[in-house]
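>>> I'd like to go over a predicted model; first the sequence, then the structure.
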Amino acid sequence: MTFGEEYLVHPDLFPARLAGEPWGAAELVLDLAGGPYAFVGLDAPQAEWLRARYAGFVSTGATPAPAVRCDAFRISPDELRPLDLRGRELTFDRDYQEDAVRFVGVDLLARLAFRAHGLRAAFWTSTQDPASFHGALENVFRALVAYRALDLGGALLHSAGIAPGSGAECPAVVCCGPSGAGKSTLSRLAARAGQHVASDDLNAVLPGESGARLSPVPFAGDFVPPAWDPAPRPLASICRLAKGGEESLQPMGRAGALSTLVACSPYVNTDPFRADRLLSNLDRLLHSTPAYQLTFALDGAAPDLLARAGERPALTAVQ
Amino acid sequence: MIQLSTPLRRKSDVRFRHIPPETLVIRQSGPEVLVLNGVAGRILELLDRGATAGELVEKLGGEYSGDAGVIESEAMAFLEELVSAGVLEVSGA
């Protein structure tokens, strides 16, 4: 099956340019992880709904020019193949090119364009209803943050981001693992112990002058924080999560740590044109940030392990 | 079953990086990430220039000490494993 054939009536007519019919004239600027990110072409109810959804990250007042611009366009439902969604896992067809990425799924087409002056994007959906529209937008937004983080020398990691201590500058721990590894469970245990959870699903890690920092993103899995805190924090360590009866925090070797990070770098880890960049970013990250395997039990002392993992990083290479 | 004359190549979705003493191999179509030994990395390097299984075995024999027969049988078994794991494929197959 060729790209888009499953979803589109005319897959060969997939938009070749970032152009189309906008939903309206409203826009939303969000300041997070390598932003600002500007979403333009929204109608007023969509913009209002998204402002409420991304509260805490919305830019107010004078903001610098957006680092990433994404246009929202409408597409006729007639262009989309009717699909029976019962029991269906929602995935995307992806097509990687040297200067672009395009993907298509249920009621969503998107194109990301890598240009000399930065990342530009557009998406097309037939859904005007703000809640459903948000679903389409967030699928694109996550990919945009992943590529923007890559561009800045970092990565978006499938992980739980937890700051075990108190205070805005308390270092954070990023706990990586695929679905089922325990990210949401660990996040709940941490929150119950009074620790700060940035996200139980995705966290951006970006290089900074004094080491890597966790840059929060408003993307949650099963555990939605009571409020989003957009402030970046120093990164103390990276952990690979495992569930087990015997709790421990064990240093990881570099190859094992790097393999974990690559596996937990969504969107970009399947992109053949940007795989080397991803490997370099993650390898560099591991030179300044210790990596551990964190094995925890439901009824154990996971918050204590997180507190140990969250001690300020030694500025030495990991073993 | 590969033979010494079998031409091999790295699969197009495979990326790798040396993290001595190991080699990180990414199969992007999965995606799947494997941590293999350094010999796997050397094989992937040699295959970037194109080689048959026999040429690979000969090169490896020149770089690692040991009984030539043992090196050949172990190298061929390892190449089979890499083909099974989707890291290598037979050229032109």
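Thanks, I have the structure now. Computed from a predicted structure; not experimentally measured.
>>> Could you find the closest non-adjacent residue to residue 10?
No chain specified, so I'll use chain A. Nearest non-adjacent residue to A:His10, counting by Cβ to Cβ, 6 or more residues apart in numbering or on different chains: A:Glu79, 6.8 Å away. C-beta: built from backbone N, CA, C; applies to glycine.
>>> ah, I was thinking of chain B
In space, not counting the residues next to it along the chain, B:Arg10 is nearest to B:Leu47; the distance is 5.0 Å by Cβ to Cβ, 6+ apart.
>>> show me what contacts the one you found?
B:Leu8, B:Arg9, B:Arg10, B:Leu56, B:Leu88 (Cβ atoms under 8 Å, 6 or more residues apart in numbering or on different chains).
>>> got a winner among those for most neighbours?
B:Leu88 (25 neighbours; other Cβ atoms under 10 Å in any protein chain shown).
>>> check contacts around residue 28.
Went with chain A since none was named. By Cβ under 8 Å, 6+ apart, A:Leu28 lies in contact with A:Ala38, A:Phe39, A:Leu42, A:Ala47, A:Leu50, A:Arg51, A:Tyr54, A:Val58.
>>> meant chain B actually
Applying Cβ under 8 Å, 6+ apart to B:Gln28 gives the contacts A:Asn269, A:Thr270, A:Asp271, A:Pro272, A:Ala275, B:Asp13, B:Val14, B:Arg15.
>>> Just these: which are in strands?
Judged by DSSP state E, strands contain the following of the contacts of B:Gln28: B:Val14, B:Arg15.
>>> So, low pLDDT: which residues of chain B?
Where chain B drops to pLDDT under 70, the residues are B:93.
>>> Near chain A, which residues of it are found?
Residues of chain B lying close to chain A by Cβ under 8 Å from any Cβ of the partner chain are B:12-13, B:15, B:17, B:19, B:22-24, B:26, B:28-29, B:31-35.
>>> B:Leu79: which of the contacts of B:Gln28 is nearest?
B:Val14 (14.1 Å; Cβ to Cβ).
>>> Cross-check the contact I'm expecting between the closest one and B:Arg27.
Yes: B:Val14 is within contact range of B:Arg27, at 5.7 Å (criterion: Cβ atoms under 8 Å).
>>> which of the two has more neighbours?
Comparing B:Val14 with B:Arg27 by neighbour count (other Cβ under 10 Å), the higher total belongs to B:Val14, at 24 against 17.
>>> Quick check: the more buried one vs B:Gln28, distance?
7 Å (Cβ to Cβ, to the nearest Å).
>>> Next: B:Ile2.
Taken as Cβ to Cβ, the span from B:Ile2 to B:Gln28 is 23 Å.
>>> rewinding a little: which of the contacts of A:Leu28 has the largest number of neighbours?
Using other Cβ under 10 Å as the neighbour test, the contacts of A:Leu28 are led by A:Phe39, with 26 neighbours.
>>> quick one: that one is in a strand?
Yes: counting by DSSP: H, G, I helix; E, B strand; the rest coil, A:Phe39 is located in a strand.
>>> Am I right that it is in contact with A:Ala26?
No: using Cβ under 8 Å, A:Phe39 is not in contact with A:Ala26, being 9.1 Å away.
>>> Give the buried residues for the longest helix along chain A.
Taking DSSP state H as the criterion, chain A has its longest helix at helix A:130-151. Buried residues in helix A:130-151, counted by 16 or more other Cβ atoms under 10 Å in any protein chain shown: A:130, A:133-134, A:136-137, A:139-151.
>>> Also within reach of chain B: list those from those.
Of the buried residues of helix A:130-151, not one also sits near chain B (Cβ under 8 Å from any Cβ).
>>> which strands and helices sit next to the helix or strand hosting A:Ile162?
Using DSSP states H and E, the element containing A:Ile162 is strand A:155-163. Strand A:155-163 makes packing contacts with helix A:130-151, strand A:172-176, helix A:183-192, strand A:196-199, strand A:202-206, helix A:275-288 when contacts are defined by 3 or more Cβ pairs under 8 Å, 6 or more residues apart in numbering or on different chains; DSSP states H and E.
>>> now the helices for chain A?
A:44-53, A:130-151, A:183-192, A:254-263, A:275-288, A:302-309.
>>> Kindly reformat those helices as JSON lines containing mean pLDDT.
JSON lines is the format used below for the helices of chain A (pLDDT from 0 to 100):
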{"stretch": "helix A:44-53", "mean pLDDT": "94"}
{"stretch": "helix A:130-151", "mean pLDDT": "95"}
{"stretch": "helix A:183-192", "mean pLDDT": "94"}
{"stretch": "helix A:254-263", "mean pLDDT": "93"}
{"stretch": "helix A:275-288", "mean pLDDT": "94"}
{"stretch": "helix A:302-309", "mean pLDDT": "94"}
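>>> Give me the next element, helix or strand, following the lengthiest helix in chain B.
Counting by DSSP H, the longest helix found in chain B is helix B:68-84. Once the chain leaves helix B:68-84, the next helix or strand it forms, by DSSP H and E, is strand B:88-90.
>>> Now find how far off-centre that next one is within its chain.
9 Å (Cα atoms, centre = their mean, to the nearest Å).
>>> Fine, thanks again, bye for now.
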